[in-house]
Structure formats: structure tokens, C-alpha cells
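Fold the following, please.
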Amino acid sequence: MPTDLPSGRERPRFSGLPTFMRLPELDRVRAEHQPVEWCIYGVPFDGGTTYHPGARFGPRAVRDASQYVKPCSPELGIDLAQRFSMADAGDSPVAAYSCSDNVGLVQDFASGLGDQDLTRLLAIGGDHSIALANLRVAWQRAGRPSSGLPLIHIDAHLDTVDVIWGERYGHGSFLIRAIEEGVVDPKRTLSLGVRGPLNTLKDLDFGREAGITVVGMSRWVEDRASVAAIIQEFRARLGDDECYLTLDIDACDPSCAPGTGTPVSGGFSAAELFLALRWLAGIRLAGADVVEVCPSRDPQGITALLAAQAAFQILCIDAAAHPE
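Predicted coordinates:
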């Protein structure tokens with residue numbers, strides 16, 4: 001079912017309430033008794049941040065930047081507004097002083113969005129700790145698969161640190177918690193973009209021992225053909241199963257994504273990120289998130305724009321799996 005989007009050639013993109021991509025608000029869609037296939041919501045939380053704070057303002061910045069994100073992908077031949085019914089659900093309430101409480105609060109909010117059997121959720125963060133809540137809901141809506149959801153993880157960091165400063169639910173620990181809970185299947189998890197420097201040489205041991213396929217950024221740079229082959233093999237293992245996708249904007253190089261709390265040099269360019277996402281087109285998504293935009297470190301708004309356009313590309317991945 002299509003989404004009723006205002007035309008940028010009839011109503012200026014700088015006017016009106018800045019919902020994501022100028023989507024209708026969820027309450028309006030519900031009032032019209034329309035189904036929602038993708039629901040976008042913000043999580044303005046950065047209590048799990050371990051370096052520069054400020055990602056709590058990320059959802060607002062990404063929405064503002066998304067006013068200039070148009071619905072058609074010429075590379076994939078997809079008009080997103082014609083392919084899906086989509087809505088913006090606003091922001092989740094947050095527990096600003098507690099990472100663990102926040103996961104539960106966001107999970108409760110997300111669980112009530114849209115139609116339980118139809119709607120998939122795209123969360124805009126916020127720091128990466130918010131991904132655990134959206135993952136839990138995606139897993140529940142996918143029928144609670146016993147092995148957990150397959151995962152595509154695009155990030156400079158593997159996020160499998162057990163405890164940081166006594167906190168088990170911070171932004172560096174969401175993936176280890178999701179694996180422990182059975183929400184994520186580590187043997188069908190593909191991590192792209194991880195790079196150093198690291199705190200210790202053992203930082204990646206948990207992920208590799210759990211079965212995560214870790215494709216470091218150095219491999220992307222030195223042997224991109226082998227990365228393409230790894231992605232194809234991952235797709236083959238997925239089959240028709242739904243997969244979750246999480247994107248930390250620090251996967252990108254600080255030259256194109258300076259507005260993030262834990263920047264690491266040597267990452268994807270914007271064009272490379274979009275290429276990697278297009279290689280994933282046609283994978284059925286159970287849910288997704290885009291996190292770690294920190295507007296206070298993004299004076300020209302280029303990181304927020306990149307995140308908004310990346311979120312569009314993620315929706316197109318799933319649209320390619322649902323042809324008209």
C-alpha cells in the first residue's frame with residue numbers, strides 16, 4: 001500500500017512539521033484505519049555513551065535533514081512511497097538516567113506501534129544502546145525464532161564488551177546482551193566496518209568465538225571482491241528468513257560523518273556505505289535502526305544528512321524484497 005507524501009514541487013520541503021521524510025504521523029494513519037508496513041520512531045537517549053555525549057538530539061537532527069530525502073532510488077528502481085505504507089510515530093519516552101530502565105521503556109513503547117502482524121520498526125537514535133529494545137520487539141514480531149534473528153551489523157566497533165564502568169547496557173554492550181538473550185543468532189551475524197585501534201587484542205574474541213562473521217574495514221579496502229563474496233554467502237545462509245539491520249554512523253569515516261560520539265578514522269565513505277547497503281538489497285528485514293548521530297559535533301549537518309539518506313537506503317533494502 002502506498003504512502004501519501006506531499007510533493008516537493010507543490011509544497012516546499014522547508015515547510016510543515018519535520019516528520020521523517022515528511023511521512024504522515026502515525027496517529028493520522030491510524031485515524032484513517034490504514035495499515036502501516038514501516039513505522040519510524042526516534043529514541044532521544046545517550047545515557048550509554050562512553051565518549052562525546054549529545055546523541056540524544058540525533059532523532060531531531062535526522063528528521064530535519066530528511067526533509068530533502070526523496071522517495072525514489074534510481075539505482076534500485078524503487079519508489080519507496082509506492083512500495084510501502086509508512087508513518088512517523090514520534091519519539092519514544094526515555095529513562096534518561098538509566099540504560100537498563102531505558103531499554104525496557106523503549107521496548108514497551110515500540111511494542112505498541114502499528115499492527116503487530118504487519119509493521120516493522122525503524123528506530124532512529126540515540127546511542128547504540130537503544131538497538132537492544134528495537135531488536136527485542138523485532139524478534140517478538142518475527143515469531144520469537146528459537147535461534148534468534150540474523151543480524152547485519154555495520155559499525156566501527158563490534159559492541160560485544162561485557163561491562164563498561166559497571167554498566168552492562170551501554171552502547172558498547174548491546175550486541176553481547178542481544179546474543180545472551182537469544183534475540184540475535186551470532187552464527188548468522190555479519191559485521192561490517194570494524195577497525196582499530198582497540199583497547200586490547202582480545203576485544204573481538206567474544207564475537208568470533210560466538211560465530212559472528214567479522215569483516216574488518218581493512219578487508220573492504222584491500223580485497224573488496226572477497227567482501228562481496230562473503231555477503232553473497234551470508235545471503236545464501238539467510239534464505240527467506242527475516243534479518244535485522246543496525247547501522248552505527250561511526251562506521252563511516254569522520255571526514256563524512258564527524259557528528260558522532262566515538263569517531264574512528266579509516267571508515268566507509270558515504271558512497272561506499274550506500275554501495276554496501278545496495279549489495280544487501282532484497283534481504284527481508286524484520287526491523288532496523290540508525291544510531292549515534294551527535295548534532296553538537298556536526299556543525300554543517302552532514303552526518304545527519306548521511307544518516308537520513310542511509311535510513312532511506314535501508315528501507316529500500318526491504319522494498320527490493322517486496323516487489324510490486
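
Do a quick rundown of the helices in the stretch 1-150 of the chain.
Taking DSSP state H, counting those that start in this stretch as the criterion, the stretch 1-150 of the chain contains helices spanning 26-31, 58-65, 80-83, 99-111, 131-141.

Can you list the buried residues in the last one?
For helix 131-141, a neighbour-count test (16 or more other CB atoms under 10 Å) marks 131, 132, 133, 134, 135, 136, 137, 138, 139, 141 as buried. Bear in mind the C-beta positions are built from the backbone N, C-alpha and C, glycine included.

mind listing what's buried in stretch 219-234?
Under 16+ other CB under 10 Å, the buried positions of stretch 219-234 are 219, 220, 227, 231, 234.

Residue 101 and residue 107 touch, don't they?
No. The pair residue 101 / residue 107 is not scored as a contact, 10.7 Å apart, by CB atoms under 8 Å.

Show me which of the two is the more surrounded one.
residue 107 (18 against 14; other CB atoms under 10 Å).

ends of stretch 256-276, how far apart?
16 Å (CA to CA, to the nearest Å).

can you give me the offset of it from its chain's centre?
14 Å (CA atoms, centre = their mean, to the nearest Å).

cool, and stretch 80-95?
Distance of stretch 80-95 from the chain centroid (CA atoms, centre = their mean) equals 13 Å.

now do the same end-to-end measure for it.
33 Å.

What's the mean pLDDT across it?
Average pLDDT, stretch 80-95: 95.

which residues of the stretch 101-250 of the chain fall in strands?
Here the stretch 101-250 of the chain has its strands, by DSSP state E, counting those that start in this stretch, at 120-125, 149-154, 184-194, 213-216, 243-248.

what lines up beside the last one in the sheet?
If I follow you right, that is strand 243-248. strand 149-154 (parallel), strand 285-291 (parallel) (DSSP bridges).

Common neighbours of residue 101 and residue 107, please.
By CB atoms under 8 Å, 6 or more residues apart in numbering, residue 101 and residue 107 have no common neighbours.

Residue 89 and residue 119, how far apart?
Noted for residue 89: a distance of 10 Å to residue 119, by CB to CB, to the nearest Å.

More neighbours: the two, which one.
residue 89 (27 against 22).

Just the buried residues of stretch 257-269, please?
Here stretch 257-269 shows 257, 258, 259, 260, 261, 262, 263, 264, 267, 268 as buried, counting by 16+ other CB under 10 Å.

and that stretch, what's its mean pLDDT?
Mean predicted confidence for stretch 257-269 is 98.

Export only the CA atoms of it, formatted as PDB.
Taking Å, rounded to 0.1, in the frame of the first residue of the first chain, the C-alpha atoms of stretch 257-269 are listed here in PDB:
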ATOM      1  CA  ALA A 257      30.400  11.700   9.500                       C
ATOM      2  CA  PRO A 258      32.100  13.900  12.000                       C
ATOM      3  CA  GLY A 259      29.000  14.200  14.100                       C
ATOM      4  CA  THR A 260      29.300  11.100  16.200                       C
ATOM      5  CA  GLY A 261      30.400  10.400  19.800                       C
ATOM      6  CA  THR A 262      33.100   7.800  19.100                       C
ATOM      7  CA  PRO A 263      34.700   8.600  15.700                       C
ATOM      8  CA  VAL A 264      37.300   6.300  14.200                       C
ATOM      9  CA  SER A 265      39.300   7.200  11.200                       C
ATOM     10  CA  GLY A 266      39.500   4.900   8.200                       C
ATOM     11  CA  GLY A 267      35.800   4.100   7.700                       C
ATOM     12  CA  PHE A 268      33.400   4.000   4.800                       C
ATOM     13  CA  SER A 269      32.900   7.000   2.600                       C
END
